[in-house]
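>>> Below is the structure, and that's it, no one-letter string:
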């Protein structure tokens, strides 16, 4: 695995030296995606309600059944047009936010995202030419606005805790993440051996407790087991956990929607090439099944598959398995195919026009990947 320098499984050892967390955070703040997530979590259910069964008011049971039918039948347009959860039933703010990052590398982006859930972490300035900061660290200042300004909404940080789960295939990267972030009380960033960038600073005003685990996300058993171990750890920290304990001890454990936010940054291609179409679909369904509210995903477009093999050839390494569309039938329209799976799991695509007055259509990174935000509208049974 080490000899391929991350070009076979996506486990790049110095990933944040050419894609520091601020590059994505900048886009997410400029397009108001993070603001939308923060606003949504303000009315998320409390710890006692995060099991996912109280998402929709009973008076809307007929509407909910219609949504489920639309999702199962692949009625994309119907799903897209349905109102958000809070339009059905506003709920009190969660005191604990559960966040899962799938394909977390060594955790820098995971922790930066988690901290951004409480308040904007960067100044929102106009986007400069993408090539101007391609592969270069971006120096950003803490956000100058007071959190009371409604334009920059953050979560109420009183008694706030953010519990993070980061999963990655590479045990060395996970070891780095745990070395850097094992303590939830570290006041400043640090550099780990082998890392060229400083890790994000942990907020002093928010209790942030990460868990990083090695996991093959192509494996249903490993993926579910890692999430179950997270539940096992959380049930000793959350006051009202009867349902969690029952499920965690069940002989036939099934995914429960517990994560308020799940992110998948540039991970789908690696799962696709190694597990095929069905493996990717199964992974996406598992991610959805574990997600209670928001799913943020950055898929690699079709052209990245060919480039991955080009890089391996230049290194004199064996190429990936057949990445042509004859084997990977989802590849030609991969982003649309991914969306189809997610919508079928009871989510809707959140359009940028809902978050911006200027009718922006896409949130695109400097390396030309599009960030897609989805929101659950059909409660998982």
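The structure has been received and is ready for your questions. Quantities reported herein were computed from a predicted structural model and do not represent experimental measurements.

>>> if I've got this straight, residue 98 is in a helix?
No. Counting by DSSP: H, G, I helix; E, B strand; the rest coil, residue 98 is located in no helix; its state is strand.

>>> Now do it, the pLDDT please.
You'll see residue 98 listed with a pLDDT of 94.

>>> isn't it right next to residue 208, touching?
No. With contact taken as C-beta atoms under 8 Å, residue 98 and residue 208 are classed as non-touching, separated by 12.0 Å. In this view, the C-beta of every residue, glycine as well, is placed from N, C-alpha and C.

>>> Neighbour count for these two, which is higher?
A count of neighbours by other C-beta atoms under 10 Å puts residue 98 above the other of residue 98 and residue 208, at 27 against 22.

>>> Show the contacting residues for the more buried one.
Listed by C-beta atoms under 8 Å, 6 or more residues apart in numbering, the contact partners of residue 98 are 50, 163, 165, 234, 258, 259, 260, 261, 292.

>>> make it 10 Å
Listed by C-beta atoms under 10 Å, 6 or more residues apart in numbering, the contact set of residue 98 reads 44, 47, 50, 161-165, 230-231, 234, 238, 257-262, 290-293.

>>> Let's see which of those end up in helices.
Applying DSSP state H to these, the entries found in helices are 230, 231, 234.

>>> May I ask which of those residues has the most neighbours?
Highest neighbour count within those: residue 230, with 22 neighbours (other C-beta under 10 Å).

>>> Just to be sure, residue 7 is in a strand?
No. Counting by three-state DSSP, residue 7 falls outside a strand, being coil.

>>> measure the nearest residue to it once chain neighbours are set aside to residue 235 for me?
Nearest residue to residue 7, sequence neighbours excluded (C-beta to C-beta, 6 or more residues apart in numbering): residue 311, at 5.0 Å. When C-beta to C-beta, to the nearest Å is the yardstick, residue 311 and residue 235 sit 43 Å from each other.

>>> residue boundaries of the strands in the stretch 201-350 of the chain?
Secondary structure of the stretch 201-350 of the chain (DSSP state E, counting those that start in this stretch): strands at 207-214, 259-265, 291-298, 347-349.

>>> could you list every residue that touches residue 27?
Applying C-beta under 10 Å, 6+ apart to residue 27 gives the contacts 33-34, 127, 130, 298, 362-366, 369-371.

>>> Which of the residues you listed fall within strands?
Among the contacts of residue 27, DSSP state E puts residue 298 in strands.

>>> Looking at the contacts of residue 27, point me to the pair that's furthest apart.
Across the contacts of residue 27, the longest distance by C-beta to C-beta is 19.4 Å; it joins 34 and 130.

>>> The two - which one has more neighbours?
Between residue 34 and residue 130, residue 34 has the larger neighbour count (other C-beta under 10 Å), namely 27 against 14.

>>> and the more buried one, how far is that from residue 112?
The gap separating residue 34 from residue 112 is 11 Å, by C-beta to C-beta.

>>> do residue 231 as well
Distance, residue 231 to residue 112, by C-beta to C-beta: 24 Å.

>>> one step back: distance to residue 29 for the ones in helices among the contacts of residue 98 - can I get that in TSV?
Formatted as TSV, the ones in helices among the contacts of residue 98 follow (distance: C-beta to C-beta, whole Å):
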residue	distance to residue 29
230	27
231	31
234	29
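
>>> CSV please, covering the residues you listed and showing pLDDT and distance to residue 279.
Shown next, in CSV, are the ones in helices among the contacts of residue 98 (pLDDT from 0 to 100; distance: C-beta to C-beta, whole Å):
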residue, pLDDT, distance to residue 279
230, 94, 22
231, 91, 24
234, 85, 28
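
>>> List the residues that contact residue 354.
Neighbouring residues of residue 354 by C-beta under 10 Å, 6+ apart: 32, 36, 84, 373, 375.

>>> Wait, a helix at the last one?
No. Assessed with three-state DSSP, residue 375 is strand; it does not lie in a helix.
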